[in-house]
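**Q** Build the 3D model from these lines:
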Amino acid sequence: MIKVNPRYIESLNQFKKKISTFLRSRKVAIDLGTTNSLVAIAGKGIVLEEPTIVAIDIVNQQIVAVGNDAKYMLGKSPDTIVVKRPLKSGVISNARVTQKLVTYLLNRSIGSIRILKPDVMISTPVGITSVEKRAVIKTLLEAGARRVFLIPEPLAAAIGAGLPIHESFGNMIINIGGGTTEVAVISLGGIVIADSIRIAGDRFNEDIIQYARKKRNLKIGEQMAEKIKIEVGSALPLKDPLTMQVSGTDIGSGLPTTVEFTSNDVAEALEHSLDEIIQNVRKILEKTPPELVADIKDHGVVLSGGTALLRNIENLFSEALQLPVYVADDPLRCVIRGVLEALDYIDVLRKSLTVG
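**A** Numbering: from 1, shown residues only. Predicted coordinates:
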């Protein structure tokens with residue numbers, strides 16, 4: 001009987017482990033959001049998180065900055081540089097710029113030199129057309145993907161939030177991102193009914209800008225509006241509101257000035273947009289089979305997405321819908337976690353995926 005050196009066996013096992021890790025790292029998950037983009041790799045988790053913003057030199061049509069570097073240029077760039085978001089309401093609005101952005105994300109995540117092309121799964125809004133789906137697939141293939149899988153955003157969010165989507169009862173998730181709010185009822189591993197509402201974090205920023213202009217005679221930019229929303233924002237008025245000093249331009253004099261903003265100011269500014277979302281959620285509930293509505297009443301509704309971090313938003317939804325409403329753990333990263341997990345269950349979820 002031939003004796004095998006134990007060191008050889010150990011070296012062989014280590015080699016197999018490295019090969020397995022290498023092959024798994026060829027699976028990439030992307031949450032390409034209107035506001036932020038996240039990338040995760042199988043076996044490694046989330047490896048990149050950047051704003052979905054690109055700065056372009058319009059003289060030579062070259063991209064000069066992407067992500068955080070481009071965000072710093074918002075409102076500060078010269079006329080020769082345009083800072084823009086290549087996605088609008090979760091859908092590609094500029095294919096060439098988006099392809100550059102995706103290539104940047106992949107190169108930052110897995111390197112520009114690749115022995116094997118990666119399989120890529122990306123989340124998409126539920127309401128996108130077949131033409132828009134083909135645009136996403138084409139963009140990723142041109143960016144260097146081997147195969148592309150599209151997963152509906154609310155399904156990915158539900159998986160990332162830990163909902164038992166394969167059980168035979170209704171799960172309701174409201175994913176409030178930057179460009180869209182995705183509402184879905186999920187059962188037996190698939191979406192029963194869903195809708196995509198083009199009201200979310202970006203609209204909230206615009207609401208705050210308009211409120212500052214009309215009620216405070218103050219001109220502020222998008223970044224300041226977002227800062228107000230994060231630091232003192234609330235979906236409901238507070239008995240003891242948070243306050244912050246907001247710098248901007250006095251519309252009457254044109255001079256710099258500072259005004260105090262409170263949580264209650266933000267609640268007033270966002271009231272109409274939040275009500276529109278709630279009305280759309282009610283319409284989804286009206287169309288949902290009664291058996292699933294009963295399940296939702298028992299198990300509650302889960303909020304995910306970065307805008308779900310707005311103070312008291314779960315209380316507002318709970319009061320309006322007369323249902324238990326909860327915010328998922330780390331709601332900002334629910335979608336990317338769900339996309340990453342779905343990469344291991346492609347065959348199980350195939351009926352809910354678009355393959356390219």
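**Q** where's the helix or strand where residue 184 lies relative to the chain centroid, distance-wise?
**A** Residue 184 belongs to strand 181-187 when assigned by DSSP states H and E. Chain-centre distance of strand 181-187: 15 Å, with Cα atoms, centre = their mean, to the nearest Å.
**Q** Next SSE downstream of it?
**A** Later in the chain than strand 181-187, the nearest helix or strand by DSSP H and E is strand 190-197.
**Q** For the closest residue in space to residue 262 that isn't next to it in sequence, grab the count of nearby residues.
**A** Residue nearest to residue 262 in three dimensions, not counting chain neighbours: residue 241, with 4.1 Å by Cβ to Cβ, 6 or more residues apart in numbering. Quick note: C-beta positions are derived from backbone N, CA and C, even for glycine. Around residue 241 sit 15 other residues, with neighbours defined as other Cβ atoms under 10 Å.
**Q** likewise the one 5 residues further on?
**A** Other residues lying near residue 246 total 22 when counted by other Cβ under 10 Å.
**Q** can you count the residues close to the closest residue in space to it that isn't next to it in sequence?
**A** Once flanking residues are discounted, residue 246 sits nearest to residue 261: 4.8 Å by Cβ to Cβ, 6+ apart. Residues lying near residue 261 (other Cβ under 10 Å) number 26.
**Q** And residue 309, by the same measure?
**A** Per other Cβ under 10 Å, the neighbour tally for residue 309 reads 17.
**Q** Please look at it and residue 331 and confirm they touch.
**A** Yes. Between residue 309 and residue 331 there is a contact at 6.2 Å, judged by Cβ atoms under 8 Å.
**Q** Packing partners of the helix or strand that contains residue 159?
**A** Secondary-structure assignment from DSSP H and E places residue 159 in helix 153-160. Packing partners of helix 153-160 (3 or more Cβ pairs under 8 Å, 6 or more residues apart in numbering; DSSP states H and E): strand 119-124, strand 171-176, strand 181-187, strand 190-197, strand 301-304, helix 334-342.
**Q** repeat that for 7 Å
**A** strand 119-124, strand 171-176, strand 181-187, strand 190-197, helix 334-342 (3 or more Cβ pairs under 7 Å, 6 or more residues apart in numbering; DSSP states H and E).
**Q** Nearest to residue 225 among the ones you listed would be which one?
**A** Smallest distance to residue 225 across the helices and strands packed on helix 153-160 (Cβ to Cβ): 16.5 Å, for strand 171-176.
**Q** got the angle for that closest one vs strand 181-187?
**A** Between strand 171-176 and strand 181-187, the angle comes out at 170 degrees (axes from the mean of the first three to the mean of the last three Cα atoms, to 10 degrees).
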